[in-house]
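Asker: my questions are about this predicted structure, shown below with the sequence.
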Amino acid sequence: MGHRPPDRSRDLFPAELTEAAAALLADYRTAGKRLATAESCTGGLVAGLLTEIAGSSDVVERGFVTYSNEAKQELLGVPAETLARVGAVSAETAEAMAAGALARSRAEVAVAITGIAGPGGGSPEKPVGLVFFGLATPAGVSHRRRVFAGDRSAVRLASVREALALLRDGLG
């Protein structure tokens, strides 16, 4: 009998993302760190990907899905003034989301994602595909701005990839 490759037809995520998530979790485990997620436009996909890996509960401390501005304020402490001044899709909001997730969890690293996945909702100043990411660690808070091409699913999956890269950066 020959060796058969695993049946990937039922996987929730592309194999490359699952493999990257498994490697990230292993690195967090080795470092003795836990992580939290604060997601808007990805709707929990980052947490979903990470928890698709068996044994992830020792690394994934919690996830926040804060799609509405009210949820960002109530669950993460994003200031109403920030949302009124620069909007939900902004560097300031992404940083506030990440800082709030870190402060409201027992994690050492938190990532946040807020953006416009489309197909509607864009403007010349904030086009469809614009996504801001926040990263919070005890050393401080930072952000990244990206513009992804493609449809809603492509923007969301690209955002998940970027979030994994940021979480890797959070290991220091």
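Answerer: Perfect, thanks for sending it.
Asker: from the contact counts, what lies against the strand or helix carrying Ala112?
Answerer: Secondary-structure element containing Ala112, defined by DSSP states H and E: strand 109-115. Judged by 3 or more Cβ pairs under 8 Å, 6 or more residues apart in numbering; DSSP states H and E, strand 109-115 is in contact with strand 35-39, helix 91-103, strand 130-137, helix 152-169. Just so you know, the C-beta spots here come from the backbone N, C-alpha and C atoms, and that holds for glycine as well.
Asker: what's the most buried one of those?
Answerer: strand 35-39 (a mean of 28; mean count of other Cβ atoms under 10 Å).
Asker: possible to save the helices and strands packed on strand 109-115 as TSV with distance to Glu16 and mean pLDDT?
Answerer: Listed next are the helices and strands packed on strand 109-115 as TSV, based on distance: least, Cβ to Cβ, whole Å; pLDDT from 0 to 100:
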stretch	distance to Glu16	mean pLDDT
strand 35-39	19	98
helix 91-103	25	98
strand 130-137	19	98
helix 152-169	9	98
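Asker: for Val65, which of those is the nearest?
Answerer: strand 35-39 (5.4 Å; Cβ to Cβ).
Asker: tell me what the closest one is packed against?
Answerer: helix 45-51, strand 60-65, helix 91-103, strand 109-115.
Asker: for those, which one sits closest to Lys72?
Answerer: The nearest among the helices and strands packed on strand 35-39, by Cβ to Cβ, is helix 91-103 at 6.3 Å.
Asker: now tabulate the helices and strands packed on strand 35-39 in JSON lines and tack on distance to Asp27.
Answerer: Conversion of these to JSON lines gives the following (distance: least, Cβ to Cβ, whole Å):
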{"stretch": "helix 45-51", "distance to Asp27": "12"}
{"stretch": "strand 60-65", "distance to Asp27": "13"}
{"stretch": "helix 91-103", "distance to Asp27": "19"}
{"stretch": "strand 109-115", "distance to Asp27": "11"}
